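[1] Sharing a model prediction with you, sequence too.
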Amino acid sequence: MSNQVAAKFVALALMQEYFRKFEGEEEGWSNTTLHHISLVVLRWIQNIEDYSISLHNMCIDLSDSIPEDGHEVADALRDTMLDIEHPEDLFSFFETIQAIVQSHESENANFVSSMAPHSVWGLFCRRMLLNFNKMSFSQVSKYLARIQAFCKQSSRASAYRASMDAGKWWSTYQTSAKSGRKAPWKEAEKHIFQPTRSYAGFDLPGFRDKAKVLLEDLSDDPLSHYIRHLGAIHCGDYSTALENLHRFFDVQGPRAISSPQAAKDREHNVHYHYSLLSLASLHHRFGHIDEALSAIHESVRIAQEHSDPTCLNHALGWLTRLSRGTAASELATLFRAATKEDESTEGKYLHALAGFRLAQDYFCRGYSPTRVLNLVESSLCSSMRESQEELTGMGFLLRTGLFDMYGHSGLSMLYPQLLLHNYNAGIEERCEAYCKIAMYYFAQGERHITKRVLKAAMEEFPPFTPYSKLWMATKCQLEHQEALFSESWETAAAVGEELNGLLSTIPDSDLDAQYREALFWQEKEVYDKAVVILKNSLESIKTRNRTVESGLRQIKLIRLQLMEAEIHHQTGNHFMALQIILKCIAKSNHYHVAVLRAHSLVLLADIQLAISMNEQAEKAINEALPTILAHGSCETRGLARLVYGKSLVACGSQHKAIRSFEAARIQFAKVGAKKLERQALYCMGLLYNQENDIVNRDKCAQQFCDLLPSNNTKQTS
């Protein structure tokens with residue numbers, strides 16, 4: 001709904017541009033162009049819900065609908081929208097609209113150019129004016145925020161984002177200003193980078209038309225392909241970007257390789273080895289790690305020949321990301337040291353980025369949480385001082401993940417919310433923040449809040465726009481888990497297929513897809529299929545030649561092993577489960593992952609109870625309970641209460657055990673976990689039966705029967 005409100009404002013802004021030209025306030029457009037503008041406005045007003053996606057898409061529709069001056073009209077509209085920065089700008093805008101309405105009070109036969117009360121334009125403008133005049137100042141501020149958010153929702157994919165956090169390497173392109181092609185290059189550069197700084201929409205056709213004359217001046221120069229490659233990256237057209245990169249290499253490659261010519265064309269070689277980094281980023285985006293490493297090594301070779309320390313630092317950052325094991329640790333330390341003395345803006349950016357990389361390496365090596373968090377804090381403060389929004393967002397999300405793993409759920413939710421209130425944060429980071437908040441509230445059984453968060457994500461990132469796949473995948477994961485809780489197997493299978501398709505497009509999400517598939521078969525009690533999937537996943541990880549990024553991959557490994565131990569326990573192979581769970585506890589201790597360690601202890605206690613190690617089980621569950629109850633999800637809290645109740649039964653404290661089972665049942669009911677809720681009711685019923693409490697026993701039995709799949713009206717299989 002908020003997008004439709006903003007889209008109506010865009011239609012009103014286009015009407016204002018129309019009257020400025022129509023009435024001669026500014027240099028006019030042709031009558032044909034004005035006629036097409038009037039038709040576009042009319043179509044927008046009558047079908048506003050079809051155009052409430054983003055300013056970028058509306059501008060594309062506008063430029064496509066006007067044969068002659070489409071791009072010029074779209075640019076004028078975009079500039080008008082981007083000029084709306086303060087509430088005062090809104091008041092001035094509506095004063096202009098009010099003046100236009102008053103000057104067209106008399107009826108006119110041509111309603112398209114008239115503001116007569118009975119016309120479509122007239123009704124629309126008067127309704128917009130009436131609604132605005134009734135707003136309080138706080139409502140005006142919210143209205144402005146909606147409009148600004150709508151303008152930010154574009155298919156812009158910045159060069160920074162395309163390089164996947166490798167750094168703001170595009171600033172080094174400005175060195176070409178020293179070349180003989182300074183004027184056309186700097187002018188073309190302005191067309192490329194101005195939209196990024198203003199968060200405006202950017203479309204490749206508009207860029208091509210604007211830069212056509214400039215690129216003609218560079219027609220025999222490799223920079224023409226180079227500039228087109230930058231424009232394609234900005235609008236997310238990676239195939240076009242790759243095509244222009246290869247054209248650039250075809251022309252520039254021989255120059256870069258030939259030593260005499262290379263010395264002569266030093267400025268062109270600056271672009272050559274940075275374009276190799278761009279090529280590496282594209283390969284990395286599509287999972288071609290070996291090709292990315294080859295491009296980086298070639299970039300390093302040429303940068304060393306030309307003594308370019310900045311390019312070497314960027315290449316070092318990429319090698320840190322793509323390497324593995326001891327090499328990655330050494331490179332991360334070297335990356336941090338190499339950028340320490342660089343006081344330039346770009347140097348500070350790289351130094352902060354190196355700090356985040358090194359913190360991830362420290363986590364993977366099992367350093368203390370204090371040391372890891374202090375390094376993140378130092379780099380985050382540096383990025384905030386330099387107003388580096390994307391890097392600040394990265395730091396917020398890194399701290400969120402670390403606090404979540406270290407067992408501080410309250411602090412882990414603080415940073416995504418801070419990030420969402422920072423409107424200058426990177427687009428991808430904002431989408432990830434929505435996802436983390438939605439998953440947190442789902443785990444706490446707050447479904448209504450989860451739906452509101454996902455709805456807000458959908459409004460800011462409409463489906464099939466850049467980064468929308470992040471919240472769409474999160475939504476599918478939550479729907480899949482909800483279907484498993486309710487034992488709706490066909491629904492879970494259908495959602496699982498959709499989820500696999502989405503996760504296949506997100507880097508490093510293969511383990512999530514395999515985990516979900518194994519969980520489906522485990523919940524359905526088809527354990528042999530679940531075990532096969534888990535073994536294949538674990539085996540592929542051992543033989544896979546890939547880096548461990550941000551330590552999260554190791555956490556996913558522990559979760560897979562936890563599931564494997566749980567399946568062995570459920571099938572009666574308790575000693576095999578015991579061996580695996582002890583490994584999980586050792587790994588959790590190594591990475592200081594408090595919640596996973598507590599979850600492992602709960603499962604360990606359950607296994608020990610099954611093999612009559614009651615004293616050891618009591619010790620394990622008592623150690624796990626404080627962490628689980630303070631920072632666990634509803635499901636894990638319920639499981640901890642369930643196992644604690646079993647340990648109380650083993651110790652002879654039946655009354656306390658009943659209370660613990662009831663607490664577990666409440667937690668399971670909160671998230672709709674019917675199978676687990678039945679387990680708690682079964683345990684309670686047994687104890688009531690032993691105490692000859694027939695009333696409560698029958699009550700538990702009735703509730704148990706109500707939760708059986710056959711009584712589930714939504715059950716389809």
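    Arrived safely, thanks for sending.

[2] which secondary structure elements does the host helix or strand of residue 139 contact?
    Using DSSP states H and E, residue 139 sits within helix 137-152. Applying 3 or more Cβ pairs under 8 Å, 6 or more residues apart in numbering; DSSP states H and E, one finds that helix 137-152 makes contact with helix 2-22, helix 70-82, helix 87-103. Where C-beta positions appear, they are placed from N, C-alpha and C, glycine not excepted.

[3] one more time with 7 Å
    In terms of contacts (3 or more Cβ pairs under 7 Å, 6 or more residues apart in numbering; DSSP states H and E), helix 137-152 is packed against helix 2-22, helix 87-103.

[4] what's the least confident helix or strand in this protein, going by average pLDDT?
    Comparing every helix and strand of the chain by mean pLDDT, DSSP states H and E singles out helix 159-162 as the least confident one, with a mean of 32.

[5] Centre of the chain to the helix or strand containing residue 35, how far?
    In this structure, residue 35 sits in helix 31-46 according to DSSP H and E. Counting by Cα atoms, centre = their mean, to the nearest Å, helix 31-46 is centred 37 Å from the centre of its parent chain.

[6] In it, which residues are buried?
    Across helix 31-46, burial judged by 16 or more other Cβ atoms under 10 Å covers 33, 34, 36, 37, 38, 40, 41, 42, 44, 45.

[7] could you give the mean pLDDT of it?
    For helix 31-46, mean pLDDT is 80.

[8] by how many degrees do that helix and helix 2-22 diverge?
    Between the axis of helix 31-46 and that of helix 2-22 there is an angle of 160 degrees, by axes from the mean of the first three to the mean of the last three Cα atoms, to 10 degrees.

[9] same for helix 31-46, what does it pack against?
    Using 3+ Cβ pairs under 7 Å, 6+ apart: helix 31-46 touches helix 2-22, helix 55-65, helix 120-133.

[10] ok, residue 481 to residue 428 distance?
    Per Cβ to Cβ, to the nearest Å, residue 481 is found 24 Å from residue 428.

[11] can you check residue 393 too?
    In this structure, residue 393 and residue 428 are separated by 8 Å, where distance is defined by Cβ to Cβ.

[12] And residue 516, by the same measure?
    When Cβ to Cβ is the yardstick, residue 516 and residue 428 sit 23 Å from each other.

[13] Around the residue nearest to residue 493 when sequence neighbours are not counted, how many other residues sit close by?
    Taking Cβ to Cβ, 6 or more residues apart in numbering as the measure, residue 493 lies nearest to residue 520, with 7.1 Å between them; neighbours along the chain are not counted. Burial measure for residue 520: 21 neighbouring residues, criterion other Cβ atoms under 10 Å.

[14] what does the helix or strand hosting residue 520 contact?
    Using DSSP H and E, the element containing residue 520 is helix 510-523. Counting by Cβ atoms under 7 Å, 6 or more residues apart in numbering, the neighbours of helix 510-523 from elsewhere in the structure are 477, 480, 484, 492, 496, 499-500, 503, 529-530, 533-534, 537, 553, 556, 559-560, 563, 567.

[15] For PyMOL, write the selection for the buried entries among those.
    In PyMOL, a selection of the buried entries from those looks like this (16+ other Cβ under 10 Å):
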select buried, resi 477+480+484+492+496+499+500+503+530+533+534+537+553+556+559+560+563+567
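
[16] re earlier: could I get the buried residue list for the helix holding residue 139?
    Within helix 137-152, the residues that qualify as buried are 143, 144, 146, 147, 148, 149, 150, 151, 152, counting by 16+ other Cβ under 10 Å.

[17] and what of stretch 513-527?
    By neighbour count, and taking 16+ other Cβ under 10 Å as the criterion, the buried residues in stretch 513-527 are 513, 514, 515, 516, 517, 518, 519, 520, 521, 522, 523, 524.

[18] could I get those as a markdown table with pLDDT and distance to residue 380?
    A markdown table is the format used below for the buried residues of stretch 513-527 (pLDDT from 0 to 100; distance: Cβ to Cβ, whole Å):
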| residue | pLDDT | distance to residue 380 |
| --- | --- | --- |
| 513 | 84 | 31 |
| 514 | 85 | 33 |
| 515 | 87 | 30 |
| 516 | 89 | 32 |
| 517 | 90 | 36 |
| 518 | 91 | 36 |
| 519 | 91 | 34 |
| 520 | 92 | 38 |
| 521 | 92 | 41 |
| 522 | 91 | 39 |
| 523 | 90 | 39 |
| 524 | 90 | 44 |
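
[19] check contacts around residue 607.
    Going by Cβ under 7 Å, 6+ apart, the list of residues near residue 607 reads 569, 574, 577, 578, 581.

[20] Neighbour-wise, give me the winner out of the residues you listed.
    In terms of neighbours by other Cβ under 10 Å, the contacts of residue 607 top out with residue 581 at 28 neighbours.

[21] List of residues touching the helix or strand where that one lies?
    Element membership of residue 581, judged by DSSP H and E, is helix 574-591. Identification of contacts with helix 574-591 by Cβ under 7 Å, 6+ apart yields 363, 366, 551, 554, 558, 561-562, 564-565, 568-569, 596-597, 600-601, 603-604, 607, 610-611.

[22] Show the subsequent helix or strand relative to that helix.
    helix 594-610.

[23] Centre of the chain to that following helix, how far?
    Taking Cα atoms, centre = their mean, the mean C-alpha location of helix 594-610 is offset from the chain mean by 32 Å.

[24] list the buried ones in it?
    Judged by neighbour count (16+ other Cβ under 10 Å), helix 594-610 contains these buried residues: 594-609.

[25] Could you give me the buried positions within whichever helix or strand comes after it?
    For helix 594-610, the succeeding helix or strand toward the C-terminus, using DSSP H and E, is helix 614-631. By 16+ other Cβ under 10 Å, the buried positions in helix 614-631 come out as 614, 617, 618, 619, 620, 621, 624, 625, 627, 628, 631.

[26] ok, back up a step: of the helices and strands packed on helix 137-152, which stretch is the most buried?
    Neighbour counts (mean count of other Cβ atoms under 10 Å) averaged over each of the helices and strands packed on helix 137-152 peak at helix 2-22, with a mean of 20.

[27] just how off-centre is it within its chain?
    31 Å.

[28] quick one: that helix to helix 55-65, angle?
    Regarding helix 2-22 and helix 55-65, their directions subtend 40 degrees when assessed with the same axes, to 10 degrees.

[29] burial count for the closest residue to residue 463 other than its chain neighbours?
    For residue 463, the nearest residue in space outside its immediate sequence neighbours is residue 472; the separation is 6.6 Å by Cβ to Cβ, 6+ apart. Per other Cβ under 10 Å, the neighbour tally for residue 472 reads 24.

[30] helices or strands next to whichever strand or helix holds residue 472 in the packing?
    Under DSSP H and E, the secondary-structure element containing residue 472 is helix 468-485. Secondary structure elements in contact with helix 468-485, counted by 3+ Cβ pairs under 7 Å, 6+ apart, are helix 427-443, helix 447-460, helix 489-503, helix 510-523.

[31] Would you quantify the distance from the spatially most central residue of the chain to residue 461?
    Computing the C-alpha centroid of the chain and ranking residues by Cα atoms, centre = their mean puts residue 432 first, at 3.3 Å. Relative to residue 461, residue 432 is positioned 11 Å away (Cβ to Cβ).
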